Every structure is written in structure tokens, then in C-alpha cells.
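Asks: quick one: sequence plus predicted model below, questions after.
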Amino acid sequence: MNRILIAEDEPRISAFLKKGLEANGFATTVVEDGNGAAYLARSQDFDVMLLDLVLPGKHGLKVLEEIRDRGEQLPIIILTAFDDVQDKVAGLEAGADDYITKPFRLEELIARVRVQLRKTHSPQKEEMLLQVGNIVLDLRKRQVQVAKRLVELPIREFTLLEMLMRHPGEVISREDLLNHVWGYDYEPNSNIVDVYIGYLRKKLGNKLIETVRGIGYRLRE
Ligand code: CA
């Protein structure tokens, strides 16, 4: 399992990242200050680090410089609070591999994390095929097969199905699906999850996804 170090002091964002990454099969460690981040990066083995820049204790850029000064290759994606060009340039110059601007969607972040993992690992390390019953999801090709027939799914539907397929037989709340697929800044009372579940049912068959009234949805095993 790939391990992600999340250095982020805003609890709402770190909780969103932790939950979303874990739902996608990553192991996470959250640290809320710069000194702790530098210490963990030095003392434990991680596959990718997500690094907020404005951290208490020690600025993210300083943390980054320390890691690079030791010659560590750990892939680092910086999280910038605003569309701050200076921060991005400084971060990349200090040795960050990528950056992402808040607010961001989980699917975009995960795509960036996967790019970093592909650079440093053999592809076998991460599970790239998910199978539940006669549905097979190929994460690398972004393809879905139902009973060996290829079904085209746009990215949101794909991500929604992926989330359900990672937890077959478990009820997943609307809120979790909304956070995971649409991001933490999405309108919480929206019925968009139900609309998209409807799309999936149309394409994959009605019996596959069960509605659990008042809670959310469950993929039949
Ligand atoms: Ca911060």
C-alpha cells in the first residue's frame, strides 16, 4: 500500500484528504506543523508527500529545502492556498515535483499523486484493476467492462463507481460520495449524487446499486 504524508494544518482539508486518499486505497499520515512534517519525512518511509506551504512552526518551503538538502527523492506535491504564482515558482525551484491550488477536487489530486507514483514505482505496486461481480474497472485505462462489454463512463461517473467498487457491500453516505467525487467545496444539499447514481444505473443495470434510504448507496457484491 502506498503511503502518503499529509502536511496540512487546516483540519477540514486534512480530513478531506485523509478520507479521500484512504477510500482510494492509500495509507495516510497527517501532520499539522512544519517541524513535525520535516521529522516524519526524515524518519519514516513515504511514497508521496502533500505539503501545505503556510504551516505553523516551519514554513513548507523550509521543510521542502531540508528534505532536498538531504538528497531525498520523495515526491512532493505542494498545496498552495491561493492561485499564488510566486509560491508555485518558489516551491518548484526548491524541488517540489508538482503543485495543486486550493480548492481542488479529490479526483484531480489523486490523478497527480498517481503521476508521482508512476515515476518512482513499478505499476504493479498499486492496484490498477478493481472487480466486483461482472464489473471490471481499469484505473489505468479509465475503462469499465460489464460482462466483458465495454461501457463508456465520463470521469465523474467513473469516480463514483470506483468509490462504490472499493467498498462492495458497504453503505456509503451521500455526503461521502459528494466529498469524494465533487470535492469539499460542493453544495452539501445538492441532489447531484442521486442524479449520477441514476446515470450509472441506466448504463450498468438497475440491480447493481442499492438505495439505502436516508443514508446513501451500496454496491451489491
Ligand atoms: Ca496552512
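Replies: All right, it came through fine.

Asks: could you check which helix or strand contains the residue lying closest to residue 95 once chain neighbours are set aside?
Replies: The shortest distance from residue 95 to any non-neighbouring residue, by C-beta to C-beta, 6 or more residues apart in numbering, is to residue 68 (3.8 Å). No exception for glycine: its C-beta is placed from N, CA and C like everyone else's. Residue 68 is part of helix 60-69, with elements assigned from DSSP states H and E.

Asks: list the helices and strands that helix packs on?
Replies: helix 34-43, strand 48-52, strand 76-80, helix 85-93 (3 or more C-beta pairs under 8 Å, 6 or more residues apart in numbering; DSSP states H and E).

Asks: the last one close to the ion?
Replies: No: with C-beta under 5 Å from the ion as the criterion, the ion is not reached by helix 85-93; the gap is at least 11.4 Å.

Asks: quick one: strands adjacent to the next helix or strand after that helix?
Replies: Using DSSP H and E, the helix or strand that follows helix 85-93 in sequence is strand 98-101. Strand 98-101 pairs in its sheet with strand 76-80 (parallel), by DSSP bridges.

Asks: and the contacts of the strand it pairs with?
Replies: With contacts defined as C-beta atoms under 8 Å, 6 or more residues apart in numbering, strand 76-80 is touched by 8, 13, 48-53, 60, 64, 67, 87-88, 91, 95-102, 109, 112-113, 116.

Asks: just the buried subset of the residues you listed, written out for ChimeraX, thanks.
Replies: The ChimeraX command for the buried members of the contacts of strand 76-80 (criterion: 16 or more other C-beta atoms under 10 Å) is given here:
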select :8,13,48,49,50,51,52,53,60,64,67,87,88,91,95,96,97,98,99,100,109,112,113,116
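
Asks: mind listing what residue 87 touches?
Replies: 53, 78, 80, 99.

Asks: could I get these as a markdown table with distance to the ion and pLDDT?
Replies: Compiled in a markdown table, these are given as follows (distance: C-beta to the ion, whole Å; pLDDT from 0 to 100):
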| residue | distance to the ion | pLDDT |
| --- | --- | --- |
| 53 | 7 | 92 |
| 78 | 11 | 94 |
| 80 | 10 | 84 |
| 99 | 14 | 91 |
